[in-house]
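Participant: no letters, just coordinates:
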C-alpha cells in the first residue's frame, strides 16, 4: 500500500501560559516573540518546510491574536508600501496562510493534550498528521519536522521525536520502552506517560513533535483518563503499538523549552546569535555579563 503524503498539522495552542504571567494575562503565550517572530510562527514555518499545507489550531479563550497574525493586514501593508518599506512588506506577506488552509477548533475544557488532539478529529479524517507543540522551539538543520517526515516515508508509520534526558527527569515526559535501538531510529514496544523515576523503562523521552496515523483518534475518543486525571496523548499512541509501525527518531539539532522562563531566555540568545545581522552586537553585550 502506498504511503499517504503528510500534508496536515495540528497545533495545540489552548494553554493558559500561567508560568509567564503577568505577560500572558492578555496575550497568548504562543505570541511571545523570540527575537522578532512569535513562537507560533516558528512552528508554522517548520511545518511548511516539511511540505505541510493544512493547519488546525486547537484554541481556547483569548487566542484570537494567533489567527489574526496569519491574516492579511491591509492597513499595515498599505502603509509599508506607501513608505517604500518593500523588504518588510514582502516578509510580512510571506507569513500569510493560503485561503482555506488554516482552521481553528475550540477546546472549551482543558482536559489534556490527548483531548486537544481529539478535538481535531474532523480535520484529521483518514490522513496521517503532524503535531507541533509551539512551546518546544527547535533549532535544527534540516528542520525537525522535515526530519520526522523523512522518517515517516521510511517507516510508513508513527514517528515521534525523542531525546535522552537525565534519569531523574524522566517523570516529566512520555518515555519509550525500546524494542530495538538502531541509533537514529528506535523501534518502540511501549510508552509510559510521566512514570516514576524508578519505573521508567528508559531515559528516551518524547518531545513536542509527532507524525501519527489517524487511528489514534479512535483511541482518544474513549476519553480514558491517565496521568494527572487528563486524557493523555501518550496513552492513545501506546494503543497503536503492535498494530502499526512505531518509531522514535533521534533528531539532529537543539530544542529549547519555551514553556520555561530560563529556556525561553536561552532561546532568545541562541536564535539571535544565529542571525548574521544581530550576532556581533549580541556577542558584544554578553561580555558585560560574563
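Facilitator: That came through fine. Keep in mind it's a predicted model, so treat the numbers as computed, not measured. Numbers count the residues shown, from 1 in each chain.
Participant: where do the helices sit along the stretch 1-150 of the chain?
Facilitator: Along the stretch 1-150 of the chain, the stretches classed as helices by DSSP state H, counting those that start in this stretch are 39-49, 64-69, 74-82, 86-94, 113-118, 121-124, 144-155.
Participant: how far out from the middle of the chain is the first one?
Facilitator: A distance of 9 Å separates the centroid of the chain from that of helix 39-49, by CA atoms, centre = their mean, to the nearest Å.
Participant: before we move on, what about the longest one?
Facilitator: On the basis of CA atoms, centre = their mean, helix 144-155 is displaced by 15 Å from the centre of the chain it belongs to.
Participant: can you pull out the strands in the protein?
Facilitator: 8-12, 33-34, 37-38, 54-59, 102-106, 129-132, 136-139, 158-164, 174-181, 185-193, 204-212, 246-250, 254-257 (DSSP state E).
Participant: dump the ones you listed into JSON lines; add mean pLDDT as well.
Facilitator: Conversion of the strands of the chain to JSON lines gives the following (pLDDT from 0 to 100):
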{"stretch": "strand 8-12", "mean pLDDT": "97"}
{"stretch": "strand 33-34", "mean pLDDT": "95"}
{"stretch": "strand 37-38", "mean pLDDT": "94"}
{"stretch": "strand 54-59", "mean pLDDT": "95"}
{"stretch": "strand 102-106", "mean pLDDT": "92"}
{"stretch": "strand 129-132", "mean pLDDT": "98"}
{"stretch": "strand 136-139", "mean pLDDT": "97"}
{"stretch": "strand 158-164", "mean pLDDT": "95"}
{"stretch": "strand 174-181", "mean pLDDT": "90"}
{"stretch": "strand 185-193", "mean pLDDT": "91"}
{"stretch": "strand 204-212", "mean pLDDT": "95"}
{"stretch": "strand 246-250", "mean pLDDT": "96"}
{"stretch": "strand 254-257", "mean pLDDT": "96"}
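Participant: if we can go back for a sec, most neighbours per residue, which of the helices of the stretch 1-150 of the chain?
Facilitator: With neighbours defined as mean count of other CB atoms under 10 Å, those peak in mean count at helix 113-118, which reaches a mean of 25. Bear in mind the C-beta positions are built from the backbone N, C-alpha and C, glycine included.
Participant: backbone dihedrals for the residue nearest to residue 275 when sequence neighbours are not counted, please?
Facilitator: Of all residues not flanking residue 275 in the chain, residue 35 sits nearest, at 6.7 Å (CB to CB, 6 or more residues apart in numbering). Main-chain torsions, residue 35, degrees, to the nearest 10: phi 60, psi -100.
Participant: residues contacting residue 35?
Facilitator: By CB atoms under 8 Å, 6 or more residues apart in numbering, the residues touching residue 35 are 268, 271-272, 275, 278.
Participant: hmm, back to that, among the strands of the chain, which comes closest to residue 73?
Facilitator: When the strands of the chain are compared by CB to CB, strand 37-38 sits nearest residue 73, at 14.2 Å.
Participant: in the protein, where is pLDDT below threshold?
Facilitator: 1 (pLDDT under 70).
Participant: just to revisit the earlier point, now the strands of the chain in JSON lines, with mean neighbour count?
Facilitator: Output for the strands of the chain, formatted as JSON lines (neighbours: other CB atoms under 10 Å):
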{"stretch": "strand 8-12", "mean neighbour count": "25"}
{"stretch": "strand 33-34", "mean neighbour count": "16"}
{"stretch": "strand 37-38", "mean neighbour count": "18"}
{"stretch": "strand 54-59", "mean neighbour count": "22"}
{"stretch": "strand 102-106", "mean neighbour count": "16"}
{"stretch": "strand 129-132", "mean neighbour count": "26"}
{"stretch": "strand 136-139", "mean neighbour count": "21"}
{"stretch": "strand 158-164", "mean neighbour count": "23"}
{"stretch": "strand 174-181", "mean neighbour count": "18"}
{"stretch": "strand 185-193", "mean neighbour count": "20"}
{"stretch": "strand 204-212", "mean neighbour count": "23"}
{"stretch": "strand 246-250", "mean neighbour count": "23"}
{"stretch": "strand 254-257", "mean neighbour count": "18"}
